[in-house]
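Asker: coords please:
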Amino acid sequence: MIDKRVSSLTEAVADVKDGSTVLVSGFGGAGSPIDLLHALLDQGASGLTLVSNNAGNGHIGMAALIEAGRVAKILCSFPRSAQSQVFTEAYRAGEIKLEVVPQGTLAERIRCGGAGIPAFYTPTSGGTPLEEGKEIREFDGQRCVLEPAIKADIALVKAKAADRWGNLVYYKSARNFGPIMCTAAKCAIVQVREYVELGDLDPEHIVTPGIYVDRAVLVENPIDEEKMLKAGEHRKPK
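Answerer: Residues are numbered from 1 along each chain as shown. Here you go, the predicted structure:
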């Protein structure tokens, strides 16, 4: 019997290995799997490469992983935001590597990773420092940069609901990178607010089919990133 549900956050991330590439969903606080990130922090994997929209905020989530010295490199579109002091300090100290990727290019690189497309050309970043070291060609008079697909060992994603087969629906803008990240990882781990019975999800409304999901874990009351940031909380490894 197919059942993608696991009993705890600890079980969900138990086999994440040192040096793994980890896709992390979220756009600001929307769709950010903070509970899974904290479980990974406690699990202890290190030398990680994170791929996400930003580099974390405050001292929680991805920022907590960086602060604990667990992250070797990050690929993101917005390494500096209003509350990204942890990444900034680590980068200035030479403790973490950074690859800046324009947001649309980041999404397409992940999508291609899931679709089996090895690379694509885009005019975005053409003529800027971000093209350095990459193959350049001209199409229709535009300077285009060859961008490689992104594939990962793990995806950490937040969704609204799942059935036991791993079919997913999301809550509005919290959907963001989640669907493409599930397709581009060897192991997609998803925290959800509720489980539903098979057949309860309208097939027309399922965004991520269960074939792309490996584990689902129930987190009925997920961490509120904004509240933790406002309170100035620091998340340390347990």
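Asker: when you work out contacts or count neighbours from here on, use the C-alpha atoms and nothing else.
Answerer: Fine.
Asker: which intervals of this protein have sub-threshold pLDDT?
Answerer: The chain contains no residues with pLDDT under 70.
Asker: helices of that one, residue ranges please.
Answerer: All helices of the chain, identified by DSSP state H, fall at 9-12, 34-43, 62-67, 85-92, 103-115, 178-184, 225-231.
Asker: show me where this protein has strands.
Answerer: 5-6, 21-24, 48-51, 71-76, 97-100, 119-122, 136-139, 142-148, 152-162, 168-169, 185-195, 215-218 (DSSP state E).
Asker: I'd like to know which of those strands lies nearest to R109.
Answerer: strand 142-148 (6.4 Å; C-alpha to C-alpha).
Asker: got the angle for the closest one vs helix 103-115?
Answerer: 50 degrees (axes from the mean of the first three to the mean of the last three C-alpha atoms, to 10 degrees).
Asker: buried ones in strand 142-148?
Answerer: R143, C144, V145, L146, E147, P148 (16 or more other C-alpha atoms under 10 Å).
Asker: can I get those in TSV with distance to Y170?
Answerer: What follows is these, written out as TSV (distance: C-alpha to C-alpha, whole Å):
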residue	distance to Y170
R143	37
C144	34
V145	33
L146	32
E147	29
P148	28
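Asker: now V207, what are its backbone angles?
Answerer: Main-chain dihedrals, V207, degrees, to the nearest 10: phi -90, psi -50.
Asker: the residue nearest to it when sequence neighbours are not counted and K17: what is the separation?
Answerer: Distances taken as C-alpha to C-alpha, 6 or more residues apart in numbering put V169 closest to V207, at 5.5 Å, once the chain neighbours are dropped. Counting by C-alpha to C-alpha, to the nearest Å, the separation of V169 from K17 is 28 Å.
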